[in-house]
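**Student:** okay, predicted coordinates and the sequence, questions at the end:
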Amino acid sequence: MGFVMSAQGFDQVISELQKEYRVFAPVCKKGAGRYTDTDVVMYDEITAAPEIDLVHKSDYSFKEFLNPLSETLFFFTEQEVKEADLNKKKVLIFLRSCDMHAVKRLDQIYLANGKEEDWFYRRRRDLVHFALIGCQSTFENCFCVDMKSNQMDDGYLFSVDCINGMYYSDVPENSIKGIFAAACETEQDVSPCFVTENKVHVTIPEDVPFEILKDSLWDEYSTRCIGCGRCNFACPTCTCYTMQDVFYTDNGKVGERRRVGASCMVDGYTNVAGGGQYRRSQGERMRFKVLHKIYDYRKRFGYDMCVGCGRCDDICPEYISYTNIINKVNAACEAAKQGAEEVKNG
Amino acid sequence: MGNLDINVGKLKKNAFRYSKHRGETASRIRIPGGIIDAASLGKVVEIAEKYGNGVIDITNRQGIEIPGIDLRDMDKVNEEVQSIIDALRTNQTEKGKGYPSSGTRNVEACPGSRLCPFGCYDTTEFAQKMENMIFPNDRHVKIAFTGCSNDCAKTRMADFGIIGMTEPQYNPDRCVACEQCINFCRRRSVGALSLVNGKVVRDTKKCIGCGVCVAYCPTRAWTRSKEHYFRLVLLGRTGKKNPRLAEDFIKWCNEESIMKIVKNAYAYIEEYIDPNAVEHKEHVGYIVDRTGFEEFRKWIMDGVEPGPKAEIEPYVYWKGKRYDRI
């Protein structure tokens, strides 16, 4: 069952839903870009439908609600600990297909990677429901088709595609169909748009032989990459964090524990006690990141971590293309395989 | 054709150069804000080939001089430069007669936020706005706009230097304490940031509003202020007597105040310029040397409201060499 709405109708749907949900969506933040008078599209809680940016790919991903950049987990005094409060109202997050595929990766790491679930992730995750933003065409640097994340068939309350000023929604969730029926112009079958072709293509190597670790292909990134971590912070599947135990300055017996986002590209990520550091060069860090996204994670969980949103390529200030690295890795793997066969065949 | 009989004063005022080569002059093209359309630059080439000696001089203040022009051709050249004057929307008193004055120098600008990642405002636009307010004027005043504290436009050598600033806005909820802002502020700027309890603290006294923290923040924890701010530096100069760098007058100033201060400064010059100055030309800085800064300040700040964040220096002291007092 689907519905077609005017902008006004869509506004009405959102304000009805806001009675039950806090709505998070990509929002174009004027002037908040890196450079003067440039914008950035980021996730934020919206107050009304027109704030939702359905046109652009967001520069930063939806993950910021589930996996905040900075979150106080609990407060401590001498004898007591208290978890930080969290608004218990249900949350609706607008996101595209690739990002909905990323949710599975976040869940995997925080809920099904070891015996214990992450309690702080779980309490946020339980609040969250999704609205799927359809993709009528591919964006620059997207490679969702090759990563098989271009289409999402279920898991969303409703979808939305804005085409020529009209809003098309597929609404599989029965409990909210009335809201759409009351606001729509017509009822008709709607399927969310999805792309079937990207401009960018990657070939993921099935197997990555050990010698790739020492391949010279990583060397150039030691000089090109500045280690800013934008690729990780913008990535919908990166989940790494670090902890801050903060003791308040006017009473050192009281404080809080925070977790903040971490990046495997930024200095300090592999620091260990005694001054050791496992990956010192940016080339080594790039190798770790890329192989984790397209190989190591799959070895552990059976599917690739990367969903092909291309945000890392969009945001890299040094014009480093991660998709290009994937293809270089694949070529090196092919060459290694061929070399091994030649040795075997004498 | 009769002998040359040229009013040299009028020639100079009409933006032609008095040349060391007898019988020759050079046409001086104003390019306020440093941006010229390609068609106008083509016209410059045409004039240089037709009336000049085939070369073009890029001047120190972002203007152009077309040398090697016969003094007899000045009227024709004035007709030719009309299309440039029109395209650059330079103020003029009479069409077809070239530039109406040359005292107030071309208003300079670095590329600013149109191109440069560090530019804190559209320098060209502001420079053109300033040019439109002050030109034509015979008073010898130099104004330069630069996008950030790097001061690529060398505003500290101008009478009025306008340096772009942004007031960094910090959202602690987006900060992961990667410390890149702290490191880059220390290495590329003044070291105004430090980490306290896992979050960044900005020393507002030290911060120069350069925006380096914003540029290097990977999470948008740092963003730029909606308002564009300016540091106004005063009365830098080169020259024989007392070359010196401009000194700070207002930090976190607004645009309207910059405009008004410069306008007021022209009134001050009219009041106090030495009537016996050589060629009726006295740089504003030397006038201030005579009247004292307090009188200058009284004039330029008349009716000025530099905004709630403005920090105004109560008195300004200049340094520099005093070759005339050894």
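**Tutor:** That came through, no problem. Numbering: from 1, shown residues only, chains lettered A, B, ... in the order given.
**Student:** could you measure from the residue of the stretch 1-150 of chain B at minimum distance from chain A over to B:Ile36?
**Tutor:** Going by C-beta to the nearest C-beta, chain A is nearest to B:Ser113 of the stretch 1-150 of chain B, at 3.8 Å. No exception for glycine: its C-beta is placed from N, CA and C like everyone else's. For B:Ser113, the distance to B:Ile36 equals 19 Å [C-beta to C-beta, to the nearest Å].
**Student:** which residues of the stretch 51-200 of chain A lie near chain B?
**Tutor:** A:60, A:68-70 (C-beta under 8 Å from any C-beta of the partner chain).
**Student:** spell out the secondary structure type for the nearest residue to A:Leu213 once chain neighbours are set aside.
**Tutor:** In space, and not counting its chain neighbours, A:Leu213 is closest to A:Arg287: 6.7 Å by C-beta to C-beta, 6 or more residues apart in numbering or on different chains. Assigned state for A:Arg287: helix (three-state reduction, DSSP: H, G, I helix; E, B strand; the rest coil).
**Student:** surely A:Arg287 touches A:Glu220?
**Tutor:** No. A:Arg287 is beyond contact range of A:Glu220, at 11.7 Å (criterion: C-beta atoms under 8 Å).
**Student:** okay, the two: which has more neighbours?
**Tutor:** A:Arg287 (21 against 15; other C-beta atoms under 10 Å in any protein chain shown).
**Student:** state the pLDDT value of the more buried one.
**Tutor:** In this model, A:Arg287 is scored at 97, pLDDT.
**Student:** neighbours of B:Glu270, how many?
**Tutor:** For B:Glu270, the count of nearby residues is 10 (other C-beta under 10 Å).
**Student:** for it, which non-adjacent residue is closest in space?
**Tutor:** Nearest residue to B:Glu270, sequence neighbours excluded (C-beta to C-beta, 6+ apart): B:Arg139, at 7.7 Å.
**Student:** show the pLDDT at the one you found.
**Tutor:** 93.
**Student:** now the spatially closest residue to B:Asn197 that is not a sequence neighbour. Its backbone dihedrals?
**Tutor:** Nearest non-adjacent residue to B:Asn197, counting by C-beta to C-beta, 6+ apart: A:Val246, 4.5 Å away. With angles defined as degrees, to the nearest 10, A:Val246 sits at phi -110, psi 130.
**Student:** per-residue confidence for A:Val246?
**Tutor:** If you check A:Val246, the pLDDT there is 96.
**Student:** hang on, A:Gly308 in a strand?
**Tutor:** No. Counting by three-state DSSP, A:Gly308 is not part of a strand but coil.
**Student:** I'd like the distance between A:Thr47 and B:Pro136.
**Tutor:** In terms of C-beta to C-beta, A:Thr47 sits 52 Å off from B:Pro136.
**Student:** wait, the residue of the stretch 1-150 of chain B closest to chain A sits on B:Thr124?
**Tutor:** No. Using C-beta under 8 Å, B:Ser113 makes no contact with B:Thr124, being 9.3 Å away.
**Student:** tell me where the model's unsure across chain B.
**Tutor:** Low-confidence segments of chain B (pLDDT under 70): B:1-2.
**Student:** contacts for the longest helix anywhere in it next, please.
**Tutor:** Scanning chain B for the helix with the most residues, using DSSP state H, yields helix B:255-272. Helix B:255-272 is contacted from outside by B:126, B:129-130, B:133-134, B:137, B:139, B:141, B:143, B:159-160, B:162, B:228, B:230, B:232, B:250, B:284, B:287, B:290-291, B:295-296, B:299-307, B:310, using C-beta atoms under 8 Å, 6 or more residues apart in numbering or on different chains.
**Student:** go ahead and flag the most central residue of the chain.
**Tutor:** No chain was given, so I picked chain A. A:Pro236 (0.9 Å; C-alpha atoms, centre = their mean).
**Student:** switch to chain B, that's the one I care about
**Tutor:** B:Ala144 (1.1 Å).
**Student:** residues in contact with it?
**Tutor:** Per C-beta under 8 Å, 6+ apart, neighbours of B:Ala144: B:107-109, B:153-155, B:157-158, B:160-162.
**Student:** of these, which belong to helices?
**Tutor:** Using DSSP H, none of the contacts of B:Ala144 sit in helices.
**Student:** out of the residues you listed, which sit inside strands?
**Tutor:** Using DSSP state E, B:108-109, B:160-162 are the members of those that sit in strands.
**Student:** quick one: which of those is most hemmed in?
**Tutor:** Going by other C-beta under 10 Å, B:Ala109 tops the ones in strands among the contacts of B:Ala144 with 32 neighbours.
**Student:** residues in contact with the nearest residue to B:Cys178 once chain neighbours are set aside?
**Tutor:** Among residues not flanking B:Cys178 along the chain, A:Val266 sits closest, at 5.1 Å (C-beta to C-beta, 6+ apart). Going by C-beta under 8 Å, 6+ apart, A:Val266 touches A:227-229, A:232, B:178, B:180, B:218.
**Student:** check which helices and strands the lengthiest strand in chain A sits against.
**Tutor:** Taking DSSP E as the criterion, chain A has its longest strand at strand A:21-29. Helices and strands touching strand A:21-29, by 3 or more C-beta pairs under 8 Å, 6 or more residues apart in numbering or on different chains; DSSP states H and E, are strand A:40-45, strand A:90-96.
**Student:** no further questions, thank you.
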